[in-house]
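J.: the following comprises the amino acid sequence and a computationally predicted model.
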Amino acid sequence: MSQPVKLPRWIDIGVIPALNILAALLVSALVILAVGEDPVKALEVMLYGAFGYDEAIGYTLYYTTNFIFTGLAVAIAFHAGLFNIGGEGQAYIGGLGVGLLILALDGWLPWYGLLPLAILAAALFGGAWAAVPGWLQAYRGSHIVITTIMFNFIASALMVHLMVNVLIKPGQMSPESREFAESAWLPQGHEIFAALGIDISRSPLNFSFLIALVAALLVTLFIWRTRWGYAIRTVGRNETAAIYAGIDPKKTVFWTMALSGALAGMVGINEIMGVQHKLLLNFTAGYGFTGIAVSLMGRNHPVGIVLASLLFGALYQGGAELDFEFEQITRDMVVVIQGLIILFSGALAYMFNPMVARLVGRLAAAKG
Amino acid sequence: MKQWVLAAIAAIGLGTAAEAAEFKPAVVFDMGGKFDKSFNEGVYEGAERFKKETGTSYLEFEVTNETQREQAIRRMARRGANPILGVGFAQGPAIEKVAKEFPDLSFAIIDSVVDVPNVQSIVFNEHEGSFLVGVLAAKASKTGTISFVGGMDIPLIRRFACGYVGGALWANEDIKVIQNMTGSTPAAWNDPTKGAELARSQFDRGSDVVFAAAGSTGLGVLQAADDAKKLAIGVDSNQNYLHPGTMLTSMLKRVDIAAYNVFMAGSKGELKPGLNVLGLGENGVGWALDEHNQALITDEMKALVAQAEAGIKSGEIKVHDYMADNTCPY
C-alpha cells in the first residue's frame, strides 16, 4: 500500500465531482445511443430544459429547494456519524405539520404571519419524527439506519390514514385536503419578480428558495462556528474523545437527529405552503432519499450541498424535458440517467480518487 | 431560444388563425403510465389508432410526481398543442388551471368534471356497464353467490360495485354478492397479489364469479379465478384474451373511443366543451363477447342481457348511480 496522497482542496471538491459527472454522462450517452437517439442532442435538450428559459430555471430551482433541505438534513446527521435515511418520512410529517397549521389558521393570518409558525411546525413535526429514532439510537442502541427507514413507512401509513379518513375534502375522489386560502400561499417567484418590475413566467419557484439558502448559511455557521457544532463534529469523529472533552454523546446524538429531522421537515414549507397549497399524499416524491446523494456529492458541506442540489434539480427538470422531446426516451430512461449520476457521484464517489492522487503526486514530483 | 420564440408565435397564432397552425394533439398520461394494461393503456390505444388513421402524430407525457401534472399540461399548451387530453380524475385541478390560462385552446379530461368554457369533461356511466355484467354473473353462477373486487375505495369504484349488484339482483332476486376493496390509497390499483388473495377468500365463501374493477390489481384476481377454475370478469379494456375459458366477459369502458373522438373532433376543430357522458346509449360502456368467451355465454344469457340493455336505453330499467347520492339501495 502506498502512502495516500492528500489532495489539494480544489481538486477534492472541484475536479473529482466533475470527473464523476463526466463518467456518468458518458455511460448515459451509451444508453441513449443504444435506444437509438442522439446523445449530444439529448444533453443539449437536458441543459436547455433545465436552464434555457425562465420557466425551466424556475422549476430547476424549485426542485433545488427541496434538495437543499433534505441534503442539509442528511449532512448534519452525518457530521455526528449518523446516517439518517429517514428524510423522506421526516419531510412527509413536516409537511403534515405545515398543512395542519395552515388549515387551522389560513383565514386568520396572512402568509407572512403564518410563515414563522409554519417553519416552527415543520421543524417540530419533522424534528420529533427524527428524534424518536435518535433517542432509540442514543439510549437503546437501535441502529439509526433501520429505525429511520422504518419510520418512513410509519409516516407513510399515518399520512394515508389521515388523508383518506380525516383530512380529505368530502365529495371528491383523490385523498386531498381543501385548498388553503390564497392569502396563506407563499409568494411565487414570478410574483416577487413582478413586484420588482421584472416579468418572468410562472413556475413553482417560491419564497422558500430563499429560506433554503438562509438555512444553508445557518447550518454552516452552526457546524463550524458554534459550541454545539463542535460537539456534533467531535462525536462524529471520535466518541471516546468526545466523552473526555466533556461532551455527552447520547444527548448530542438525540439533538442532532432532531435538528436533522427539522431540516428535512422544511420540505413541507416549499411543497405544501409554496406549491401544492393543500395537503395530499406522496408530495415528498423521493426528495428525502435523493437528499442522501446530494449530501454525499456535496461532501456534507452546505456550499457543496447547494451546488449538488442545483445539479439534481437540473437533472429532475431537464430529465422531464427529455421525456417531452424524444419518442424513445421515456420516463424510465430518465430514471436510469439519474440513477447513473447518483451511482457515480454518490456510491462511487471515490473511484477516481486514487487515479487523480497518483497523477497529482507525479506532477508534484516532476515539479520537484 | 429560437425554437421557443417560434413555438410562442405558433401558440399566439393558433388563437387567431386555427387553420394556419399545424394540428398537434397532446395527451398527458397519469402516474399509472401508458402501459398499465388498463385505463391509461386504453387511452394510448385510442391515440395510436388516431395516429394510424390520420398520420398525425401527437405529443405525450407520463407524469411521475404531483407537480408535473400542471407543468406537463402547461408545456403542451405553450407549444400550441390542441386539443390537450388529461387522463384520470387526478388531473382535473391541473386541467382547470391551465385551461383558464389558455382560453383559445381546447382541453378534454377523462373521469372528471371541469367546468371551464374550453374543456370537455368526459365521464362514463360505469354503473350501466356494471349492471350488464352483473346480469351475466348472476346467470352464470351455479352457487348463487358472486363477488366483486374493487381497487381504491373511492365513489367511482363503488359506482361499479353498486351497478353490478343491481344487475345481479335484477337477474336473480336471491343472489348473494360479496364485496371487497383492495385499499384506500392509489397503491390499491397496483397490487395483484392482494387482489388474488381477496378473490381466493371470496371463492372460499362460495362465490364462483368475480368481477374485478381494480386496475392492475385485477390481473391478480383474474389469475386467481383461472387457478381455481372459477369465472372472472375483466374491466375497462377487453381482457377476455388473458385467460380464455375462465373469463366470463369484460366490462368495457371505452376510454380508447373517448380519446380517439377527442383527437378526431379536435382535428376538425369541432371539440365541444361541456359535459360528455358516455353511457350504454353512446356505446361508451358495454360488455365484451369474442372468441375467448363465446362458449361461456349461453343464448339465454345473451337474450337476458339484451333485454336489460334495451331496458336501460329506453329508461325502463333505472340503474342506480352511486355517485348521485353516495348510497347504494340494493
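T.: Perfect, thanks for sending it.
J.: give me the neighbour count for residue 35.
T.: All of this refers to chain A. 13 (other Cβ atoms under 10 Å in any protein chain shown). No exception for glycine: its C-beta is placed from N, CA and C like everyone else's.
J.: that's the other chain; I wanted chain B
T.: 12.
J.: the residue lying closest to it once chain neighbours are set aside sits in which helix or strand?
T.: Sequence neighbours aside, B:Glu41 is the residue nearest to B:Phe35 in space, at 5.8 Å (criterion: Cβ to Cβ, 6 or more residues apart in numbering or on different chains). In this assignment (DSSP states H and E), B:Glu41 forms part of helix B:39-54.
J.: on that earlier part again, which residues touch the residue nearest to B:Phe35?
T.: B:Lys34, B:Phe35, B:Ser237 (Cβ atoms under 8 Å, 6 or more residues apart in numbering or on different chains).
J.: also B:Leu231?
T.: Here B:Leu231 is in contact with B:Ala137, B:Ala140, B:Ser141, B:Asp208, B:Val209, B:Val210, B:Ala225, B:Thr246, B:Met247, B:Leu248, B:Leu296 (criterion: Cβ under 8 Å, 6+ apart).
J.: 7 Å instead?
T.: B:Ala140, B:Asp208, B:Val209, B:Ala225, B:Thr246, B:Leu248 (Cβ atoms under 7 Å, 6 or more residues apart in numbering or on different chains).
J.: just those residues: which are in strands?
T.: B:Val209, B:Leu248 (DSSP state E).
J.: for chain B, what spans make up the helices?
T.: B:2-16, B:39-54, B:66-78, B:92-101, B:126-140, B:155-171, B:192-204, B:217-228, B:255-267, B:299-314, B:322-325 (DSSP state H).
J.: what's the average pLDDT for the shortest one?
T.: The average pLDDT for helix B:322-325 rounds to 83.
J.: which of the residues in it are buried?
T.: Neighbour-count burial for helix B:322-325, counted by 16 or more other Cβ atoms under 10 Å in any protein chain shown, picks out B:Tyr322, B:Met323.
J.: now stretch A:148-163
T.: For stretch A:148-163, using 16+ other Cβ under 10 Å, the buried residues are A:Thr148, A:Ile149, A:Phe151, A:Asn152, A:Ala155, A:Ser156, A:Leu158, A:Met159, A:Val160, A:Leu162, A:Met163.
J.: name the spans of the stretch 1-150 of chain B whose pLDDT lies under the cut-off.
T.: B:1-21 (pLDDT under 70).
J.: which bits of chain B sit near chain A?
T.: Within chain B, the positions adjacent to chain A are B:4, B:61-62, B:64-68, B:71, B:75, B:89-90, B:154-156, B:184-185 by Cβ under 7 Å from any Cβ of the partner chain.
J.: make a PyMOL selection of the buried ones in the residues you listed.
T.: A single PyMOL command selects the buried members of the residues of chain B next to chain A (16+ other Cβ under 10 Å):
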select buried, chain B and resi 61+62+64+65+66+67+68+71+75+89+90+154+156+184+185
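J.: ok, back up a step: ranking the helices of chain B by burial, who's on top?
T.: helix B:126-140 (a mean of 28; mean count of other Cβ atoms under 10 Å in any protein chain shown).
J.: report the inter-axis angle for that helix versus helix B:155-171.
T.: In terms of direction (axes from the mean of the first three to the mean of the last three Cα atoms, to 10 degrees), helix B:126-140 departs from helix B:155-171 by 40 degrees.
J.: ok, the residue nearest the centre of chain A to A:Gly81 distance?
T.: Note on chain A: the residue nearest the mean C-alpha position is A:Phe67, at 2.4 Å, using Cα atoms, centre = their mean. Per Cβ to Cβ, to the nearest Å, A:Phe67 is found 23 Å from A:Gly81.
J.: I'd like the contacts of B:Glu41 as TSV, with distance to B:Lys24 appended.
T.: Putting those into TSV (distance: Cβ to Cβ, whole Å) gives the following:
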residue	distance to B:Lys24
B:Lys34	18
B:Phe35	23
B:Ser237	26
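J.: per-domain residue ranges of chain A.
T.: Using automatic domain parsing, the domains assigned to chain A come out as A:9-37+A:326-360, A:46-323.
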